[in-house]
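Asks: Requesting a structural model of the entry that follows:
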Amino acid sequence: MRSWCMRHPVYFMGLYLVFYLSFFFLLENSHIPPDLWLHCRLDDLIPFCKYAIVPYALWFPWIPFTLFYLLWRAPRRDFWRLCLPLFTGMTLALLFCLVVPNGVMLRPRVVPGNDIFAIAVRQLYHSDTSTNVCPSIHVFNSVTLMLAYYRCRCFDAPRRRWMRPVASALCLAIIASTMLLKQHSAIDVVFGILLALALDALATVVEQETAPLRSQQSLNRRQRLPEWW
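Replies: All right, here's what the predicted structure looks like:
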């Protein structure tokens, strides 16, 4: 299975997308009342802002863009270095929500206006409940993606360096949008950041420990090649 995934990264991403969406919609439609309601003083100090729907929505194309960009431009190990903590964290977040149903009660009762921003927020509220919020997957993914931009050497090229500060700005904007839209409590944000940092650190340790093994395997492959190769 591992060998098949390594040879077919696009299929692997497609299969995980099906798994994630199925798991997510199962949780959303389970109608299990939250056991844990999340709220802190900072939530009351953050105002609602309908314009935050813009960076919040940019999260959706940013994930596939980054994955396919690394698959196309970066060494394959950089692609997997992002995929594994990214998908692991998303799965762990869903499992936590399954074990500990949680939610927030921060949304405004009414989102006034008929402009595109107000309409988009109302559609978001209609399609996405205020449950299964901790840790914030929006925040977790954004931080994990941002770290990848600073870790991958393909962004060292002068013509690509601008993508790093843009990734940082987009990450911060998405994190802020989750609270400005009242989709998440600041508590969800903190745990989303901590999960991203923890899994990235764990992936770094695993990468360092397996590096000698990969080097030996590469050497063995080269030694088995015929001389004319």
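
Asks: doesn't Asn141 make contact with Leu86?
Replies: Yes: contact criterion C-beta atoms under 8 Å: Leu86 and Asn141 qualify, at 6.5 Å. Heads up, the C-betas are built off the backbone N, CA and C, glycines and all.

Asks: what residue ranges in the chain are flagged as low confidence?
Replies: 1-2, 4-5, 211-229 (pLDDT under 70).

Asks: helix, strand or coil for the most centrally placed residue in the chain?
Replies: For the chain, the residue sitting closest to the mean C-alpha position, by C-alpha atoms, centre = their mean, is Asn141 at 1.7 Å. At Asn141, secondary structure determined by DSSP: H, G, I helix; E, B strand; the rest coil is helix.

Asks: where does stretch 147-156 sit relative to the chain's centre, distance-wise?
Replies: On the basis of C-alpha atoms, centre = their mean, to the nearest Å, stretch 147-156 sits 16 Å off its chain's mean C-alpha point.

Asks: again, but for stretch 185-192
Replies: 14 Å.

Asks: Could you give me the buried positions within it?
Replies: Residues of stretch 185-192 classed as buried by neighbour count (16 or more other C-beta atoms under 10 Å): 185-192.

Asks: Identify all contacting residues around it.
Replies: Residues from elsewhere that reach stretch 185-192 (C-beta atoms under 8 Å, 6 or more residues apart in numbering): 38-40, 42-43, 46, 93, 104, 106, 133-140, 143, 175, 178-179.

Asks: ok, back up a step: format the buried residues of stretch 185-192 as TSV; extra columns: distance to Pro55 and secondary structure.
Replies: As requested, the buried residues of stretch 185-192 are exported to TSV (distance: C-beta to C-beta, whole Å; DSSP: H, G, I helix; E, B strand; the rest coil):
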residue	distance to Pro55	secondary structure
Ser185	18	coil
Ala186	17	helix
Ile187	20	helix
Asp188	16	helix
Val189	14	helix
Val190	19	helix
Phe191	20	helix
Gly192	15	helix
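
Asks: residue ranges for the strands of the chain, please.
Replies: 36-37, 102-103 (DSSP state E).

Asks: Of those strands, which stretch is the most buried?
Replies: For those, average neighbour numbers computed from mean count of other C-beta atoms under 10 Å are highest in strand 102-103, which has a mean of 20.

Asks: on contacts alone, who are the packing partners of that strand?
Replies: strand 36-37 (3 or more C-beta pairs under 8 Å, 6 or more residues apart in numbering; DSSP states H and E).

Asks: before we move on, back to that, any chance of the buried residues of stretch 185-192 in a markdown table, plus distance to Ala52?
Replies: Listed next are the buried residues of stretch 185-192 as a markdown table, based on distance: C-beta to C-beta, whole Å:
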| residue | distance to Ala52 |
| --- | --- |
| Ser185 | 15 |
| Ala186 | 14 |
| Ile187 | 18 |
| Asp188 | 15 |
| Val189 | 13 |
| Val190 | 18 |
| Phe191 | 20 |
| Gly192 | 16 |
